[in-house]
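Visitor: Next comes the sequence, and after it the predicted model I'd like to discuss.
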There are 2 protein chains.
Amino acid sequence: MPKLGMEPIRKAALVKATIVEIGRVGSLDVTVSQIAKRAGMSPALAHHYFGSKEEMFLAAMRHIMTLYGAEVRGALAAAEGPEGRIRGILRASFSPGNFRREAVGAWLNFWVLAQSVPEAKRLLAVYQRRLRSNLVSALRPIAGERAEGIADSLGAMIDGLYLREVLKSGAPDGAAAVALALRHLEAELVRGAV
Amino acid sequence: MPKLGMEPIRKAALVKATIVEIGRVGSLDVTVSQIAKRAGMSPALAHHYFGSKEEMFLAAMRHIMTLYGAEVRGALAAAEGPEGRIRGILRASFSPGNFRREAVGAWLNFWVLAQSVPEAKRLLAVYQRRLRSNLVSALRPIAGERAEGIADSLGAMIDGLYLREVLKSGAPDGAAAVALALRHLEAELVRGAV
DNA sequence: TTTTTTGTTGATTGACGAGTCAATAAACTT
DNA sequence: AAGTTTATTGACTCGTCAATCAACAAAAAA
């Protein structure tokens, strides 16, 4: 049976299964068995490839952040002008791929993980820095020295909207979230122009 | 040894210890033993009074929300005019009592708890509704029909600022958080006046 | 004073779960 | 063909932990 080159396939399956299970259970209290089962293999194999449950969690976190990062990069590349770039970041943040129950639930739990696992904290900090720097550089041309402050409030708002999504029942509404964030941005810009 | 009327004392001690331990560990992975030890009693006694760990968590959550609610009510009673009331709500939200590491860490974990424990979800929903209704009624006189939208974005921002506080190292800075939220509010109001 | 209620804990149960290990098998190398 | 590497799992170890129980102590009630 053993086909060679299974490692990347298995790892990918485990990462995906980890995210799904965390989203389904709603916490990090998922067993390696559950994850392995969903990924279609034995728990022992999961340990074989990742060494520990914590490593699986971190790999899942990296995966989600990689997806998000790629989407943001794509949006930035396609955007025209500073405002277009901000709109791109926001749309990417609340795109169907990122702003779905599973992923949002996973984010929330990664936040918790970051409180006790330094590597998780580091990863989250990287994400925050990147988001901030993207926002600041897009805001600079239209908001000048107020760019930093606006980036901070926009960033907090994005996180807050994610948080609230977790509690809501019903399908996620990315468009509404983008609209709210954009309205906030517009308000800040108008204020600055006064 | 048995002094009568211990129940409320023991329960209060356990609730406090639960919050401290959750904050310290940074997750809901605290054992009843840890909590009981910090509260100065045996694990068995903790079970005796609360029946289960989940009940302890819920009691801790209710406690934090009660404290927060009381502070908001106090601020509202003392506030003058609509803007004063909003400022009061914000100041209460980021007051040293509520906006401290322990409490913020506990909030984050309650959010996670809400994903799997219906009663926790209910409690959190109550909090959100109350916050929203407080904000809307304070905003109505100065923002008219835009009150709801502004309340939503302000609410998301408050939650987002809490979330970010968790990651930050260093002492919490409630004043900065209030300032950010107020700036946002002001921006929205100015925009409305245009 | 007997009985009941309240407080309290050490010891135990029973379940569960992370991680290990030994064994099997198929491919690939030499 | 012999040896090595990769894939895979069932069975097991070891630890932990929520919850229960039996027992003891002291106050209150009868």
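Guide: Nice, thanks for sending it over. Numbers count the residues shown, from 1 in each chain, chains lettered A, B, ... in the order given.
Visitor: Can you give the contact residues for stretch A:168-175?
Guide: Residues from elsewhere that reach stretch A:168-175 (C-beta atoms under 8 Å, 6 or more residues apart in numbering or on different chains): A:91, A:94, A:95, A:96, A:99, A:100, A:101, A:104, A:165. The C-beta positions use only the backbone N, C-alpha and C, and glycine is treated the same way.
Visitor: Could you give the number of residues near the fifth one?
Guide: For residue A:99, the neighbour count with other C-beta atoms under 10 Å in any protein chain shown is 22.
Visitor: can you give me phi and psi for it?
Guide: Main-chain dihedrals, residue A:99, degrees, to the nearest 10: phi -100, psi 50.
Visitor: What distance do you get for the spatially closest residue to it that is not a sequence neighbour to residue A:28?
Guide: Leaving aside its chain neighbours, residue A:99 sits nearest to residue A:174 (4.5 Å; criterion: C-beta to C-beta, 6 or more residues apart in numbering or on different chains). Residue A:174 sits 25 Å away from residue A:28, going by C-beta to C-beta, to the nearest Å.
Visitor: can you pull the pLDDT of the closest residue to residue A:116 other than its chain neighbours?
Guide: Of all residues not flanking residue A:116 in the chain, residue B:26 sits nearest, at 4.3 Å (C-beta to C-beta, 6+ apart). You'll see residue B:26 listed with a pLDDT of 96.
Visitor: roughly how far apart are residue B:26 and residue B:65?
Guide: Counting by C-beta to C-beta - residue B:26 and residue B:65 are separated by 20 Å.
Visitor: And residue A:24, by the same measure?
Guide: Counting by C-beta to C-beta - residue A:24 and residue B:65 are separated by 27 Å.
Visitor: So which bits of chain A are right by DNA strand C?
Guide: Chain A comes close to DNA strand C at residues A:1-4, A:30-33, A:43-44, A:47, A:51-54, as judged by C-beta under 7 Å from any atom of the strand.
Visitor: out of the residues you listed, which are inside strands?
Guide: The strands, defined by DSSP state E, take in nothing from those.
Visitor: Buried ones among those residues?
Guide: Neighbour-count burial within the residues of chain A next to DNA strand C applies to A:30, A:32, A:53; the criterion is 16 or more other C-beta atoms under 10 Å in any protein chain shown.
Visitor: which non-adjacent residue is nearest the last one?
Guide: Think residue A:53. Closest to residue A:53 by C-beta to C-beta, 6+ apart is residue A:32, at 5.4 Å.
Visitor: Contact partners for that neighbour?
Guide: Neighbouring residues of residue A:32 by C-beta under 8 Å, 6+ apart: A:43, A:46, A:47, A:53, A:56.
Visitor: Leaving out the residues flanking it, which one is nearest to the last one?
Guide: In space, not counting the residues next to it along the chain, residue A:56 is nearest to residue A:50; the distance is 4.7 Å by C-beta to C-beta, 6+ apart.
Visitor: For the worst-scoring helix or strand of chain A on mean pLDDT, list the C-alpha coordinates in PDB.
Guide: In chain A, the helix or strand scored least confidently by mean pLDDT, DSSP states H and E is helix A:174-193, which has a mean of 89. As requested, the backbone C-alpha atoms of helix A:174-193 are provided in PDB (Å, rounded to 0.1, in the frame of the first residue of the first chain):
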ATOM      1  CA  GLY A 174     -18.800  39.700   4.600                       C
ATOM      2  CA  ALA A 175     -20.200  42.500   2.600                       C
ATOM      3  CA  ALA A 176     -21.900  44.100   5.600                       C
ATOM      4  CA  ALA A 177     -18.600  43.900   7.500                       C
ATOM      5  CA  VAL A 178     -16.700  45.600   4.700                       C
ATOM      6  CA  ALA A 179     -19.400  48.300   4.500                       C
ATOM      7  CA  LEU A 180     -19.100  49.000   8.200                       C
ATOM      8  CA  ALA A 181     -15.300  49.200   8.100                       C
ATOM      9  CA  LEU A 182     -15.400  51.400   5.000                       C
ATOM     10  CA  ARG A 183     -17.900  53.700   6.600                       C
ATOM     11  CA  HIS A 184     -15.600  54.100   9.500                       C
ATOM     12  CA  LEU A 185     -12.700  54.800   7.200                       C
ATOM     13  CA  GLU A 186     -14.700  57.400   5.300                       C
ATOM     14  CA  ALA A 187     -15.700  59.100   8.500                       C
ATOM     15  CA  GLU A 188     -12.100  59.300   9.700                       C
ATOM     16  CA  LEU A 189     -11.000  60.700   6.300                       C
ATOM     17  CA  VAL A 190     -13.800  63.300   6.200                       C
ATOM     18  CA  ARG A 191     -13.000  64.300   9.700                       C
ATOM     19  CA  GLY A 192      -9.400  64.800   8.700                       C
ATOM     20  CA  ALA A 193     -10.400  67.000   5.800                       C
END
